[in-house]
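[1] missing the sequence, but the structure's below:
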């Protein structure tokens, strides 16, 4: 059976940090394919800045790779979808081995719907982030993805007017959207 990793998120917007995570996962995880799953709506949020189809289209452009598929599974549900539901769906088609998350998610994982199911059935692939300690005591199986990208979607949304963004970050943002 085809072994996959799932990388879900709002991707509001996707950025080079997300791309670095995907590239590192493809490099070190024992997988045949990586599926990027933009959310319709994050279950912990009440809205997104961009509409789902725009975030899907951006992700499709950012994650161009023969081993990467950008999925509209959650968007087609037209509602917030729990990660465990997405994993169950993809387990009916493939063998889901890894769930990729950012280190910033570790502090709230135990609040995720059906956390026990996820923890029992996947290996967490945790993308490191500057200044965030990996608190993994609750996790049964995990691997670290050493990606130290100092950029976030919220930062990009806040700074889209480019007024106070340094030139390197401006160049990175332009690469994503050009």
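    Yes, it's here. Fair warning: this is a prediction, and the values are worked out from it, not measured in the lab. Numbering: from 1, shown residues only.
[2] Please point out which parts of stretch 38-55 sit buried.
    By neighbour count on 16 or more other C-beta atoms under 10 Å, the buried set for stretch 38-55 is 38-42, 48, 50, 52, 55. Glycine gets a C-beta too; all of them are placed from N, C-alpha and C.
[3] Distance from the chain centre to that stretch, please.
    Relative to the mean C-alpha coordinate of its chain, stretch 38-55 is positioned 13 Å out (C-alpha atoms, centre = their mean, to the nearest Å).
[4] Quick one: end-to-end distance for that stretch.
    End-to-end distance of stretch 38-55 (C-alpha to C-alpha, to the nearest Å): 7 Å.
[5] Out of the buried residues of stretch 38-55, list just those in strands.
    Secondary structure from DSSP state E places residue 38 of the buried residues of stretch 38-55 in strands.
[6] I'd like the buried residues of stretch 38-55 laid out as a markdown table, including pLDDT and distance to residue 106.
    Shown next, in a markdown table, are those (pLDDT from 0 to 100; distance: C-beta to C-beta, whole Å):
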| residue | pLDDT | distance to residue 106 |
| --- | --- | --- |
| 38 | 97 | 21 |
| 39 | 94 | 19 |
| 40 | 93 | 24 |
| 41 | 89 | 22 |
| 42 | 82 | 16 |
| 48 | 80 | 22 |
| 50 | 82 | 26 |
| 52 | 92 | 26 |
| 55 | 90 | 24 |
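[7] Mind putting the buried residues of stretch 38-55 into TSV with distance to residue 13?
    Compiled in TSV, those are given as follows (distance: C-beta to C-beta, whole Å):
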residue	distance to residue 13
38	10
39	13
40	16
41	16
42	14
48	10
50	7
52	12
55	7
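[8] Among the buried residues of stretch 38-55, name the ones in helices.
    Taking DSSP state H, the ones among the buried residues of stretch 38-55 that sit in helices are 52, 55.
[9] And the helices in the chain?
    Counting by DSSP H, the chain has helices at residues 16-28, 52-62, 73-76, 83-91, 115-121, 153-158, 167-177.
[10] Looking at the ones you listed, spot the one closest to residue 143.
    Nearest to residue 143 among the helices of the chain is helix 16-28; the distance by C-beta to C-beta comes to 7.5 Å.
[11] what's near enough to touch residue 60?
    residue 70 (C-beta atoms under 8 Å, 6 or more residues apart in numbering).
[12] what's the distance between it and residue 53?
    For residue 60, the distance to residue 53 equals 10 Å [C-beta to C-beta, to the nearest Å].
[13] for residue 2, same thing?
    Look at residue 2 and residue 53: by C-beta to C-beta, they are 27 Å apart.
[14] With residue 25 instead?
    As judged by C-beta to C-beta, residue 25 and residue 53 stand 25 Å apart.
[15] repeat for residue 128
    Going from residue 128 to residue 53 by C-beta to C-beta gives 31 Å.
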